[in-house]
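Peer 1: Fold the following and give me the result.
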Amino acid sequence: MASPRSAATGGLGFRGAGQQNMQMAGGQSVNGGSTTHRSSRGAAGGRYNNLYRDESDMSGVTDSETGSDYLYTVQIPATPDNQVMNTSRDSVRGIDPVIAGKSEQQFVSSTIFTGGFKNQARGHTMDKMMENEGNHPQLAGVRGPTCACKGCDGKAMRDERGEDMTPCDCHFKICRDCYIDALNSSGKCPGCKQEYTVADDPFSRDGSETDMRALPPPSDDSSRLERRLSLLKTKPSMIVGNGSPADFDHARWLYQTKGTYGYGNAVWPGEDGYDGGGGNNPPNLGALPEFNDKVRRPLTRKISISTGILSPYRLIVFIRMVVLALFLMWRINHPNPDAIWLWGMSVVCEIWFAFSWILDQMPKLCPINRLTDLTVLKERFDMPSPDNPSGRSDLPGVDIFVSTADPEKEPPLTTANTILSILAAEYPLEKLACYLSDDGGALLSFEALAEAASFARIWIPFCRKHKIEPRNPETYFLLKGDPTKNKVRSDFVKDRRKVKREYDEFKVRVNGLPDSIRRRSDAYNAHEEIRAKRQQMESAVDPSEPLNIPKATWMADGTHWPGTWNQSGKEHGRGDHAGIIQVMLAPPTAEPLMGSSDEENIIDTTDVDIRLPMLVYMSREKRRGYDHNKKAGAMNALVRTSAVMSNGPFILNLDCDHYIFNSLAIREAMCFFMDKGGDRIAYVQFPQRFEGVDPNDRYANHNTVFFDVNMRALDGLQGPVYVGTGCVFRRIALYGFDPPRLPKRGCCYTLCCSCCGPKKPTKKKKQSKSEKRASEVTGLTEHTTSDSDDDIQATMLPKRYGSSAVFAASIPVAEFQGRPLADKGVFNGRPSGALTIPREPLDAGTVAEAINVVSCFYEDKTEWGGRVGWIYGSVTEDVVTGFRMHNRGWRSIYCVTKRDAFRGTAPINLTDRLHQVLRWATGSVEIFFSRNNAFLASSRLKFLQRVAYLNVGIYPFTSIFLLVYCFLPALSLFTGQFIVQNLNLSFLIYLLTITVTLCALAVLEVKWSGISLEEWWRNEQFWVIGGTSAHLAAVFQGLLKVMAGVDISFTLTSKSAGEDEDDIYADLYIVKWSSLFIPPITIGITNMVAIAVGFSRTVYATSPEWSKLLGGVFFALWVLMHLYPFFKGLMGKGGKTPTIVFMWAGLLSVIISLLWVYISPSNADAAGTGGFTFP
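Peer 2: Predicted structure coming up:
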């Protein structure tokens, strides 16, 4: 049984800190009353105080329980001119809780919050977010009526539907602060001079508003779990004796009888007999019950590949393995004594190639396909039922993360289109929350997001009204074909024309933001200089002294931007700025908000839901001297921020240039999570699809072999690897917990997902880390911890997740909400209808706590980046994060939808493409030399999954052997020798068999994966191009980092570099010189010169050996054919080859010629074989 202290937070015995007074701009205090600060860290020259929502969090907590070394308490009295809207039931003045919650959310959505290390959290109320203001009720800084009190120009209180909130019957419009002052002074309305009265719900309309109200405000002794988002108390009828959800109720399907039996099951008779003597049913049988099988229908199906394709595929793989083994044995037993060095290098390379091919091929033996049933998902979660009579959606919440770092390389217009596609997704609006992480802290990204939020009030209703696909406006308006196809509304053409005009204006505004911000900042800075100069003259200071006026970047409301300035200043640089959080779109209401045909609307939105999902801008704090861990650190900051503000049990992460192409994509993922056994799925990975790639896909940008062959095959094992974007995570899996119902012991040699068999029982051993963590989440969720367990949690939780008690309390809520519905055969399920309660309104304390968890020091001495969240230490943090989850026993799913779920852009330029591959390969080398190597994985990682991860870390090293092998044909032609002494029949048969089996495997892979042979061949070509350039450089960079500690830094790839706006493939022809070009150019020129030398030598020889010439020429042409796209890319558009390419070609030709002269072929033997002699 939980202790009283732990019961106050749902079994959580740890408290991170107390309530801190949150300072407002201008010195005002948000939280009234005497509040308590409890700091978790001391620092020289300042302190940072944690911010929490209510004083009750500190009840019964001692300093030792926070696990901190430096603790102190400060009492800050409330100021009489600014009091908080206290929502507790013990309030001195009666404040309507509905008014308090809604006005607080209005205040939050119009306030930008900043803070961080050595800084208090501050909230600055903004008069406007951008130059052009919107009018949607959820939009931050929305226009509205002003307060009617004399001398006040504040915004009058409005609810989330945009309607005025007038707490008095006289409908006197009043702002939040004046309302508090009136209550605390006389308690009378400033308009009618009558006392305020608190009604049960003064804003209800026909009783419908009661359903829209949030959960009741918590009392001081209410538990944390009762206050989290969308958590419903379990019905007593759903709980059995042991406290777990009862099995599915079959009362509708199986009826008791009075001795008469019907069709297949017993039938309950009616009052007047079984049919009352009438009807078409048999006598005395009555109306038969409706045997509905909706609940029994699965949400997903696994479809195996046809045995007519898979069985020959596996057979050919086995045959090729045998042939490779026999061939290598033959090569070893038949050396070439005339060129033993050539034979030795070729044999070593061929052995490695065989080993690498086996690593790549073995995980492909179990490919599968999957299908989802969205109809069943809708019937089960979105339709009225006995447990959900209102028909509100019972789907879990989803938090969507979009990350950007540099608006100059990642255009804000691209990011804005991605955000708009997310806001228009077909998912319950109240369950969606979108977060943009701006790791550069740029005002340009902030205002572009504000413009996107404003345009969303037009674009989102248009998409819902006419069922638009895709819901990225840029892509939609560029579609070719008839836009009226399958459109049934008569006003579609008119609406499309209006929205297109609005979007064109939106693009002009976003593209003009850099100049607008610069002009605005210059004007404000000039004004500041003039004012400073005037003050200097008035104070009789020497006018020759220079003015120290910082070149600040200014926001639209005439205040300094708290993030990065265009001209970096103190605490305003790219790596040195405060944390920033701004709620751009407030959380929507639970009930639909229908539009109207008002003339102010761009289109007629009658009968169209105009609500918008929650949208938040976040820029984590950065300070010099801290390792911010690049993208992985930004993602972990988003995880903590979203846990405090919305706490969706599932997380979708997208790159800023990857948008939702299929509006039902999130529902597709939910089918897997909510199906039987879905609680053991860590993430659902979608394939990456790209736009803007040239039709020939010269550099294999689509990467279809990986996404449609390798990933589909891994889905038949333990699941696909995580590839960085287009992935839906289970939040609890990111927190480092193990999956439920994990086998006690596993076997690392299990081929697929089956177990080798039961193990003999052994003596009870000490709990492992994973078991301890599993017991903790069980205690947090089921309230089964003891007092001794509370002490353990008070010590361990801060070391794992940080000092935020609000974040720690959100963990069991996310675990509960992510469970599938309780049903027959479903373990670890939740009751139906448990997620239909609206979320709490946002308040200032919640956002202040979010500021705390994005501070730069929050992760110090915690497990963030080590076991929790995205893993640090590799440039490919995505692969490592997925590996850690598989290593703990989680599964993953590969979801290939009929309509692409997401689409993005890929670098079609040769240089950018090679640098992209270089980053991937460098991360793989880091993985190989780290503890994330598959060799060191636990027994929970299945054997073939282990082989797949082992190949991830090994494949870059193939470049060393590939580079040598590509030079062997040239060496053979130069010397007149070959890798074998004679081209006998055995060698040709082996070579033919290996080639034919490879082609047969390619054809069968095309059959079961759906790719084309051309795509397969492009992948083979780029494998050689990347292997002789980027992979080789990655090996050396990785070795330098491991052995010498040389850190590796990568810059973002520009999304567009072409100057020709009329040619969408302009980037394809741009040639930007890189040192990665040197090895392929050297290989190509060497082989071309060698072919000419070998041919001329054989023609003029007294006894030519044509067999060796043909062997050398064949392999040289094999190399050149694979490098053909590389040389075509060097030619540029219209044959405009850069001068440096000709310089390298000439230099290499001279070197090869001098080398040939030094070898002195004229001194060869009389037979004219051109023997090679080392100097």
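Peer 1: What ranges in this structure fall below the confidence cut-off?
Peer 2: Under the criterion pLDDT under 70, the flagged ranges of the chain are 1-107, 109, 117-120, 126-144, 159-162, 197-295, 599, 743-796, 1047-1064, 1132-1175.
Peer 1: my guess is Arg314 contacts Pro367, does it?
Peer 2: No: the pair Arg314 and Pro367 does not pass the contact test of CB atoms under 8 Å, sitting 10.5 Å apart. All C-beta atoms are positioned from the backbone trio N, CA, C, and that covers glycine.
Peer 1: got a list of what Gly1112 touches?
Peer 2: Residues near Gly1112 by CB atoms under 8 Å, 6 or more residues apart in numbering: 969, 972-973, 978, 1090-1091, 1094.
Peer 1: Sort out for me which of these are in helices.
Peer 2: 969, 972-973, 1090-1091, 1094 (DSSP state H).
Peer 1: can you pick the most crowded of the residues you listed?
Peer 2: Counting neighbours by other CB atoms under 10 Å, Leu973 leads those with 29 neighbours.
Peer 1: Test my guess that that one contacts Ala1116.
Peer 2: Yes: between Leu973 and Ala1116 there is a contact at 6.6 Å, judged by CB under 8 Å.
Peer 1: between those two, what contacts are shared?
Peer 2: 1090-1091.
Peer 1: Excluding chain neighbours, what is closest to Glu502?
Peer 2: Ile458 (5.4 Å; CB to CB, 6 or more residues apart in numbering).
Peer 1: how about the ones in helices among the contacts of Gly1112, which pair is most distant?
Peer 2: Ser972 and Ile1091 (10.8 Å; CB to CB).
Peer 1: Return the residues in contact with Cys349.
Peer 2: Contacts of Cys349 by CB under 8 Å, 6+ apart are 961-962, 964-965, 968.
Peer 1: If any of these are buried, put those into a ChimeraX selection.
Peer 2: Per 16 or more other CB atoms under 10 Å, the buried members of these correspond to this ChimeraX selection:
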select :961,962,965,968
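Peer 1: can you put the contacts of Cys349 in CSV and add secondary structure and distance to Ala354?
Peer 2: Listed next are the contacts of Cys349 as CSV, based on DSSP: H, G, I helix; E, B strand; the rest coil; distance: CB to CB, whole Å:
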residue, secondary structure, distance to Ala354
Phe961, helix, 11
Leu962, helix, 13
Val964, helix, 15
Tyr965, helix, 13
Leu968, helix, 16
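Peer 1: Could you point out which of the contacts of Cys349 is nearest to Cys170?
Peer 2: Distance ranking of the contacts of Cys349 against Cys170, using CB to CB, places Leu962 first at 83.0 Å.
Peer 1: Just give the nearest non-adjacent residue to the closest one, would you?
Peer 2: That would be Gly1027: by CB to CB, 6+ apart, it lies 4.4 Å from Leu962.
Peer 1: The one you found and Leu1076, how far apart?
Peer 2: 12 Å (CB to CB, to the nearest Å).
Peer 1: now stretch 731-742: how far from the chain's centre is it?
Peer 2: Computed by CA atoms, centre = their mean, to the nearest Å, the chain-centroid distance of stretch 731-742 equals 18 Å.
Peer 1: For Gly1027 and Leu1076, indicate the residue with more neighbours.
Peer 2: Gly1027 (25 against 21).
Peer 1: quick one, strands of the stretch 651-800 of the chain?
Peer 2: 659-660, 681-685, 689-691, 727-730 (DSSP state E, counting those that start in this stretch).
Peer 1: neighbours of Asp823, just the number please.
Peer 2: 16.
Peer 1: Please report phi then psi for it.
Peer 2: Main-chain dihedrals, Asp823, degrees, to the nearest 10: phi -160, psi 170.
Peer 1: these two touch, right, it and Lys676?
Peer 2: Yes: the criterion here is CB under 8 Å, and Asp823 meets it with Lys676 at 7.4 Å.
Peer 1: Just the buried residues of stretch 884-896, please?
Peer 2: Buried-residue list, stretch 884-896, by 16+ other CB under 10 Å: 884-896.
Peer 1: about what we covered before: could you check which of Arg314 and Pro367 is surrounded by more residues?
Peer 2: Pro367 (25 against 15).
Peer 1: Pick the one among the buried residues of stretch 884-896 closest to Leu615.
Peer 2: Cys895 (25.3 Å).
Peer 1: Which residues are in contact with that closest one?
Peer 2: Contacts of Cys895 by CB under 8 Å, 6+ apart are 370, 372, 668-669, 672, 684-686, 901.
Peer 1: Over to Tyr524?
Peer 2: Per CB under 8 Å, 6+ apart, neighbours of Tyr524: 552, 554, 558.
Peer 1: Find the nearest non-adjacent residue to the first one, please.
Peer 2: In space, not counting the residues next to it along the chain, Ala552 is nearest to His560; the distance is 5.0 Å by CB to CB, 6+ apart.
Peer 1: check contacts around the one you found.
Peer 2: So His560 contacts 552-554, 572 (CB under 8 Å, 6+ apart).
Peer 1: Tell me which two of those residues sit farthest apart.
Peer 2: Trp554 and His572 (11.7 Å).
Peer 1: overlap in contacts of the two?
Peer 2: Joint contacts of Trp554 and His572 (CB under 8 Å, 6+ apart) are 560-561.
Peer 1: Could you chop the protein up by domain?
Peer 2: 146-200, 408-482+491-535+551-612, 626-741+798-820+851-906 (the TED database).
Peer 1: got a list of what the most centrally placed residue in the chain touches?
Peer 2: In the chain, the centroid-proximal residue (CA atoms, centre = their mean) is Asn653; its distance is 1.5 Å. Contact analysis of Asn653 by CB under 8 Å, 6+ apart lists 400-403, 635, 724-725, 727, 729.
Peer 1: which of the contacts of Tyr524 tops the neighbour count?
Peer 2: Trp554 (20 neighbours).
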